[in-house]
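Chemist: Here is a sequence together with a model predicted from it:
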Amino acid sequence: MTIKKTYKLFIGGKFPRTESGRVLEVRGRKGELIANASRASRKDFRECVVAARKAQGSWAQSSAYLKGQILYRIAEVLDGRRAQFIAELCAQGLSDARAQEDLSGAIDLLVHYAGWSDKFQALFSTVNPVASSHFNFSVPEPSGVVAIVAPTRGGLTELVSALAPVIVGGNSAIVLAGENAISAITFAEVLATSDVPGGVVNILTGHRDELIPEFAKHMDVNSFLLCSDDSEEKKKADLESAENLKRVLHQNDKPLAGSPYHVLDFQEIKTTWHPIGV
């Protein structure tokens, strides 16, 4: 007898079932049931925010070297479990060649952003000329808690391309991976064994129309990344976030290209004045 796996959520470094008890049936290309996934609720999302806020401060204060080493470790563990991820990606509907390409793309992006961990600060920091006897410095600092709605296809490249630039910059993240992205929860198992502190990354599976408004309007979420080509989803995100003035960034429903400017998207610029000769 084949036992169908039930994929749980990833909140605060643990794998709880959704508090609502709801599940999503994940089906293959021929309509066959391949697994069950937890259907996250609004309460699950609120639990993620609490965990992300608790973890963000110490993660932001950790060294750039450590963040880079952890991202590189994620890539190593992901590559070591290649066969399992290829099987899951194929079950989600990808061909073997496309699954190989998707997994390799995710690993490459993790290594790419691991390399930027101790460099983006130098790229985006400035010494500003001022008309007084002061040194004036502008440096990037993490936004805080970032909510992410990943692209709909559910591949690992899509997930990593949205997540990696957020966490390498010192933010904590809450990711909505989609309804059938079972590989996202298996990826959470990689995070849990790669020295990522509990709460830095939280991953949900569920319906976009149910959770996007919650991502946008929660008062303790600092920034929101929405990967979507749906004009109604974009409009809803903008309207719901207007009251709390959080930063909302729209990206297309496809993987984000590797770039330090995606790290900068979730940084605040802090300017410091220091008197000269004192």
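Modeler: Thanks, I have it.

Chemist: can you pull the buried residues of stretch 8-18?
Modeler: Under the neighbour-count criterion of 16 or more other C-beta atoms under 10 Å, stretch 8-18 has Lys8, Leu9, Phe10, Ile11, Gly12, Gly13, Phe15, Thr18 buried. Bear in mind the C-beta positions are built from the backbone N, C-alpha and C, glycine included.

Chemist: Please, which helix or strand holds Tyr113?
Modeler: Taking DSSP states H and E as the criterion, Tyr113 maps to helix 96-116.

Chemist: Show me what that helix is in contact with.
Modeler: Identification of contacts with helix 96-116 by C-beta atoms under 8 Å, 6 or more residues apart in numbering yields 67-69, 71-72, 74-75, 78-79, 82, 85-86, 89-90, 94, 155-157, 159-161, 164-165, 168, 255, 258, 260, 263.

Chemist: Please apply the same query to stretch 249-266.
Modeler: Contacts of stretch 249-266 (C-beta under 8 Å, 6+ apart): 105, 108-109, 112-113, 116, 119-120, 123-124, 140, 142-143, 146, 151-153, 155, 157-158, 161-162, 165-166, 168-169, 171, 223-230, 234, 237, 247.

Chemist: ok, 7 Å please
Modeler: Here stretch 249-266 makes contact (C-beta atoms under 7 Å, 6 or more residues apart in numbering) with 109, 112-113, 116, 120, 123-124, 140, 142-143, 146, 151-152, 157-158, 161-162, 165-166, 168-169, 171, 223, 225-229, 234.

Chemist: Redo the buried residues of stretch 8-18 as CSV? Include distance to Cys48.
Modeler: Shown next, in CSV, are these (distance: C-beta to C-beta, whole Å):
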residue, distance to Cys48
Lys8, 13
Leu9, 8
Phe10, 9
Ile11, 5
Gly12, 8
Gly13, 11
Phe15, 13
Thr18, 12
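
Chemist: Farthest-apart pair in those, please.
Modeler: Of all pairs drawn from the buried residues of stretch 8-18, the one with the longest distance (C-beta to C-beta) is Gly13 and Thr18, at 16.8 Å.

Chemist: just to revisit the earlier point, is it possible to mark the buried ones in the contacts of helix 96-116?
Modeler: 67-68, 71-72, 74-75, 78-79, 85-86, 89-90, 94, 155-157, 159-161, 164-165, 168, 255, 258, 260, 263.

Chemist: now, which of the contacts of stretch 249-266 lie within strands?
Modeler: When the contacts of stretch 249-266 are checked against strands (DSSP state E), the matches are Pro140, Pro142, Val146, Ser223, Leu225, Leu226, Cys227.

Chemist: Nearest to Pro213, out of these: which one, please.
Modeler: Nearest member of these to Pro213, counting by C-beta to C-beta, is Leu226, at 11.5 Å.

Chemist: The closest one and Ala237 touch, don't they?
Modeler: Yes: at 5.0 Å, Leu226 counts as touching Ala237 under the criterion of C-beta atoms under 7 Å.

Chemist: between these two, what contacts are shared?
Modeler: Jointly contacting Leu226 and Ala237 under the rule C-beta under 7 Å, 6+ apart are Val248.

Chemist: Check the contacts of stretch 249-266 for burial and list the buried ones.
Modeler: Buried by 16+ other C-beta under 10 Å: 109, 112-113, 116, 120, 124, 140, 142-143, 146, 151-152, 157-158, 161-162, 165-166, 168-169, 171, 223, 225-228, out of the contacts of stretch 249-266.

Chemist: mind checking how far the residue nearest in space to the middle of the chain is from Gly57?
Modeler: What sits nearest the mean C-alpha location of the chain, by C-alpha atoms, centre = their mean, is Leu163, with 2.9 Å. For Leu163, the distance to Gly57 (C-beta to C-beta, to the nearest Å) stands at 19 Å.
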